[in-house]
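[1] what shape does this take:
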Amino acid sequence: MSACKTLIRTSLSCLEFRARTPNSTTLRRFASSLVPHSGLRIKPHKPFAVSRSFSHVEGAIPLETSDSTEGAFEAEQDSIKDTVEELLTKKKDDISSLMKMERRLEKNDDDDKKGERWFPYLDKCKAGEVYLSSGEVIEAMDPYIMDVRKDRFKNAVNNRSYSVCLVVEGLTDFGNVSAAFRSADALGIQSVHVVSPDSSRRYRDNRHVSMGAEKWLDIELWNSVSECFGILKARGYRIASAHLGTDAVSVYDVDWSCPTAIVVGNELRGISEEALALSDLNCSIPMRGMVDSFNVSVAAGLLMHQAVFDRTSRMGCHGDLTEEENKILLAEFYLRHNKNTIRIANEFSKRRLTSPASKL
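    Numbers count the residues shown, from 1 in each chain. So this is what the prediction gives:
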């Protein structure tokens, strides 16, 4: 019996050691349920916590040190400012500043590269007084990112595409927006657009739904459907709106290999009349049950999944970035890694300016 008590006490200590916070609700509930039993005592232990304090060192740059601290470090950085709620209630200029590499100018009718597939970034990033190329950005950031994290970045970028993008029009339940963002990131769709005339609307914070996906997506905000659709068509996208109508095409019959913007509408009203009039086609998901619609975030996920599946079946893969585009987007991910990356890039550029030129 004594051995049994010791075993239980040790197991509970391990559970408490693994708890992420001192006030773990689950642990308290679990412990309190065992206390009334006679002969069973829970040995208290101080909870494990990762401490990373650099306040006493001026100008110090936090580094990743081990796999065990990566999650805590990422959570700390993610929780600073870039929540979905804050992103969608800021002005568009503030949103675009979250994208670190320089962006291309919009296409126009006189563009010589009108038939070229859209990619938003140039191969340069402003760092202090100079511009760094994507290769230089990666070189500057490389010592400060763990190998496991770099492998994850590379895998994500290899499966990214701008050939399919998501447009959410007039959604009022912010949990749906967050869930749609999360699905887009998981499926390798890099570009998402939010059309909301009321840009000052306050949403509930549903970061637990998006799981921080908004940090890795290119989010663009629009005040009107006509503005959004006009830009997307200029970039070479066709507009496919999710709408159950007489002219709707089954999502399974659409060729998703050409650049397409998937549009989902308001939870109650659906796609607006203006959006329907400006769309190139309407598509729907066949329903097999008694209900005639999906939740909008579920519908968005299903549409994007079918697009990725169809593209993979036709082309062999969904990710279609060129080698140069892949490198630029990888540099963009490196720069979004945490709040210190721009400072690291600036210091790297300063060293480049002050170091003597190598003699050939």
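
[2] phi, psi of the nearest residue to Glu102 once chain neighbours are set aside?
    Closest residue to Glu102 apart from its sequence neighbours, by CB to CB, 6 or more residues apart in numbering: Leu122 at 4.4 Å. Every C-beta, even on glycine, is put in place using the N, C-alpha and C of the backbone. Main-chain dihedrals, Leu122, degrees, to the nearest 10: phi -100, psi 160.

[3] would you confirm that Leu122 contacts Met99?
    No. The criterion here is CB atoms under 8 Å, and Leu122 misses it with Met99 at 11.2 Å.

[4] overlap in contacts, the two.
    Counting by CB atoms under 8 Å, 6 or more residues apart in numbering, Leu122 and Met99 have no contacts in common.

[5] that older thread, measure the residue nearest to Glu102 to Ala184 for me?
    23 Å (CB to CB, to the nearest Å).

[6] neighbour count: the two, which is higher?
    Comparing Leu122 with Ala184 by other CB atoms under 10 Å, the one with more neighbours is Ala184, at 27 against 15.

[7] list the contacts of that one.
    Shown in contact with Ala184 (CB under 8 Å, 6+ apart): Leu166, Gln190, Val192, Ala213, Leu217, Ala300, Met304.

[8] next, count neighbours for the closest residue to the second one other than its chain neighbours.
    Yep, that's Gln190 we're talking about. Distances taken as CB to CB, 6+ apart place Arg160 nearest to Gln190, at 4.8 Å, with adjacent residues excluded. Arg160 has 26 neighbours, counted by other CB under 10 Å.

[9] ditto for Cys125
    Neighbours of Cys125 under the rule other CB under 10 Å: 26.

[10] Ser178 too?
    Ser178 has 26 neighbours, counted by other CB under 10 Å.

[11] secondary structure element for it, which one?
    Following DSSP states H and E, one finds Ser178 within helix 174-187.

[12] state the distance from Thr354 to Ile239.
    From Thr354 to Ile239 the distance is 51 Å (CB to CB).

[13] who has more neighbours out of these two?
    Ile239 (21 against 7).

[14] who is the more buried one paired with across the strands?
    Ala261 (DSSP bridges).

[15] I figured it hits Lys233, correct?
    Yes. Using CB under 8 Å, Ile239 is in contact with Lys233, at 7.0 Å.

[16] chain neighbours aside, what residue packs nearest to Pro120?
    Take Pro120 and drop its neighbours on the chain: the residue closest to it by CB to CB, 6+ apart is Arg103, 5.4 Å away.

[17] can I assume the one you found is in contact with Tyr121?
    Yes. Counting by CB under 8 Å, Arg103 sits close enough to Tyr121 to count as a contact (6.1 Å).

[18] pLDDT on stretch 184-197, on average?
    Mean pLDDT, computed over stretch 184-197, is 92.

[19] tell me the angle the host helix or strand of Ser313 makes with helix 174-187.
    If you go by DSSP H and E, Ser313 is part of helix 296-315. On the basis of axes from the mean of the first three to the mean of the last three CA atoms, to 10 degrees, helix 296-315 is oriented at 20 degrees to helix 174-187.

[20] which strands or helices does helix 296-315 pack on?
    The elements that helix 296-315 packs onto, with contact taken as 3 or more CB pairs under 8 Å, 6 or more residues apart in numbering; DSSP states H and E, are strand 164-169, helix 174-187, strand 238-242, strand 260-264.

[21] tabulate the ones you listed (TSV), appending distance to Glu274.
    Output for the helices and strands packed on helix 296-315, formatted as TSV (distance: least, CB to CB, whole Å):
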stretch	distance to Glu274
strand 164-169	9
helix 174-187	20
strand 238-242	11
strand 260-264	11
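
[22] weakest of these in terms of mean pLDDT?
    Mean pLDDT is lowest for helix 174-187 out of the helices and strands packed on helix 296-315, coming in at a mean of 92.

[23] contacts only, for Thr312.
    By CB under 8 Å, 6+ apart, the contact set of Thr312 is His318.

[24] if you could redo that for Arg160, that was the one I meant.
    The contact partners of Arg160, by CB under 8 Å, 6+ apart, come to Gly188, Ile189, Gln190, Gly319, Leu321, Leu329.

[25] and it, its phi and psi?
    The phi/psi pair for Arg160 (degrees, to the nearest 10) is phi -90, psi 150.

[26] how much space between it and Phe174?
    25 Å.

[27] coming back round to it: can you name the next helix or strand after the helix holding Ser178?
    Sequence-wise, the next helix or strand downstream of helix 174-187 (DSSP H and E) is strand 191-195.

[28] what packs against that next one?
    When contacts are defined as 3+ CB pairs under 8 Å, 6+ apart, strand 191-195 packs onto strand 164-169, helix 174-187, strand 218-222, helix 225-234.

[29] return the most buried member of the ones you listed.
    Of the helices and strands packed on strand 191-195, the one with the most neighbours on average (mean count of other CB atoms under 10 Å) is strand 164-169, at a mean of 25.

[30] that one pairs with which strands, parallel or anti?
    Strand 164-169 has these strand partners (DSSP bridges): strand 191-195 (parallel), strand 260-264 (parallel).

[31] just to check, Phe153 is in contact with Leu330?
    Yes. Between Phe153 and Leu330 there is a contact at 6.1 Å, judged by CB under 8 Å.

[32] tell me how far Asn155 lies from Gly319.
    Asn155 is 10 Å from Gly319, where distance means CB to CB.

[33] for those two, indicate the residue with more neighbours.
    Of the pair Asn155 and Gly319, Gly319 is the one with more neighbours under other CB under 10 Å, namely 19 against 11.

[34] can you classify the more buried one as helix, strand or coil?
    At Gly319 the chain is in coil, as set by DSSP: H, G, I helix; E, B strand; the rest coil.
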